[in-house]
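**Student:** Any chance you could fold what I've pasted below:
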Amino acid sequence: MSLPRWRLRRLVLLSSVLAFLFICAVRWSHDETPTDEHAYPLLSKYVQAQTGNGGAWHIPEEWMDNTTARPETIIDAAKLASQRATSSAQRKIPHSEIPLIVHQTWKNTQVETWSPVMRQSASRWLEAVEESRMAYFLWDDEGVAQFVAAFEPGLKEQFYFLPSNVERSDVFRIMVAKWIGGIYGDMDTEPLRNPSAWITTDDLRNWEDLERNQLYGAAGPIRAIVGLEADCPPESDSYWRMGYAEPVQLTQWSLAAAPGHPILQSFLDHLSATIEQLTLKKSSKIQSPEDLPALQSIDPLLLTGPAAFTEAVKGWLTTTTGLRWNALTGLNDGGQSKAVGDVLVLPITGFSPGRGAYGNMGSKSVEDPAARVFHHAQGSWRKTDFMVELGKFCRTAFGHCRDWSKVSYTPQ
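**Tutor:** Residues are numbered from 1 along each chain as shown. From the prediction side, this is the model:
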């Protein structure tokens, strides 16, 4: 006998409240983790001691020469590092044109104010930097402003019209990859494999889309590395019940690219066009604060985040290679890397290993050879929001609330 509708609604509401309280308790317990300011010597060496105008940076001594003046700003340092890296095969990821330059961004370089997860994660990136003699850039808010003004002045107004810092961070990583090139990692990620070893000959093996009997492979050196965040059967509803926009979706917490890859410009072009379409004045110049609610109404994941990045990569590969996007799934081949033209698409284990039983999607352990980056999922922009958590529970448990916002953030 089925329950009366009023009783079912009460049960759903009670379950949602209990789930919300549990999530809050877990997050509060994590926030109370003690810190040790003296446990991270690499942060002292490469961040605190190297902070300058625009952030902190490190260029290996062997990349320099006696005739080159030491850069005084992070912009000059980034230009120099990119020039020196792109002119030497030894300063690129093997099998690629991607320079061995690591980029991260945070509002400041005051290590003592960072969370323990951030300090641990940044230290792991710096271990990789030391090991493989890579350049390293930590862009603070001032450095980001300098970068946008120097490299993308035409997008400056739109960039700062975005509602939140998380959206500006999403866009900045694309900009810095476009102009400087290198490896990007969020401040709550850490490398499990040194980026200098992210591409092997096994990753470049030809593979076949069995549905179309189409063979794919690398067309010359790799110029971009991306990784799956979601890998679901396209015929099921599992992907949107877990909060993804597509069955096969890319992550954006880590990526790598050679300077000037067309995918990066495609992302920026699409974002600029979207902002123009949403503004009341319908022009490239944003004239009125009345336009802001239109941007705020779009989920950040769709406007600048993983879904937007996926759309840029998908559109470019589909157009240039005829790729059937869902052929990138790793569910049928045990999680094989797939090269398509000059883009290497890593399986979900590449940038999202160690997932639990729910929402695993083929993710293997952090010890698996395919694992490159671990994501702690401690984004500072995340806020505990009852309606977001209720929507998540509603999608997961009941298959409803598909269009509810997936994240909560405070416009800044």
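**Student:** Burial check on residue 161, number of neighbours?
**Tutor:** Other residues within reach of residue 161, judged by other CB atoms under 10 Å, total 17. Where you see a C-beta, it was placed from the backbone N, CA and C, and this is true even at glycine.
**Student:** Against residue 295, how distant is it?
**Tutor:** 7 Å (CB to CB, to the nearest Å).
**Student:** Also residue 305?
**Tutor:** Computed as CB to CB, the residue 305 to residue 295 distance reads 13 Å.
**Student:** Tell me where this protein has helices.
**Tutor:** Taking DSSP state H as the criterion, the chain contains helices spanning 5-31, 41-43, 74-86, 116-132, 141-151, 156-161, 165-179, 238-241, 262-278, 292-296, 300-303, 306-321, 348-351, 386-398.
**Student:** which one of those helices has the lowest average pLDDT?
**Tutor:** The weakest mean pLDDT among those belongs to helix 5-31, with a mean of 50.
**Student:** Tell me the pLDDT of the closest residue to residue 338 other than its chain neighbours.
**Tutor:** Take residue 338 and drop its neighbours on the chain: the residue closest to it by CB to CB, 6 or more residues apart in numbering is residue 345, 4.7 Å away. Listed pLDDT for residue 345 reads 98.
**Student:** What is the neighbour count of residue 345?
**Tutor:** As a burial measure, the neighbour count of residue 345 was computed by other CB under 10 Å and equals 24.
**Student:** cool, residue 357 as well?
**Tutor:** When neighbours are defined as other CB under 10 Å, residue 357 has 5 of them.
**Student:** what does residue 214 give?
**Tutor:** Using other CB under 10 Å as the criterion, the residues surrounding residue 214 number 14.
**Student:** so what strands line up beside the lengthiest strand in the chain?
**Tutor:** As far as residue count goes, and with DSSP state E defining each element, the longest strand of the chain is strand 224-231. Neighbouring strands of strand 224-231 in its sheet, by DSSP bridges, are strand 248-250 (antiparallel), strand 254-257 (antiparallel), strand 343-346 (parallel).
**Student:** if you compare the ones you listed, which one is most tucked away?
**Tutor:** Most buried of these by mean neighbour count (mean count of other CB atoms under 10 Å) is strand 254-257; its value is a mean of 27.
**Student:** That one: how far from the chain's middle?
**Tutor:** From the chain centre to the centre of strand 254-257 is a distance of 8 Å (CA atoms, centre = their mean, to the nearest Å).
**Student:** heads up, I number from 35, so please use that
**Tutor:** Let's use 35 as the start, then, which means that last one is strand 288-291.
**Student:** Let's test this: mean pLDDT of that strand, rounded?
**Tutor:** Over the span of strand 288-291, the pLDDT mean works out to 98.
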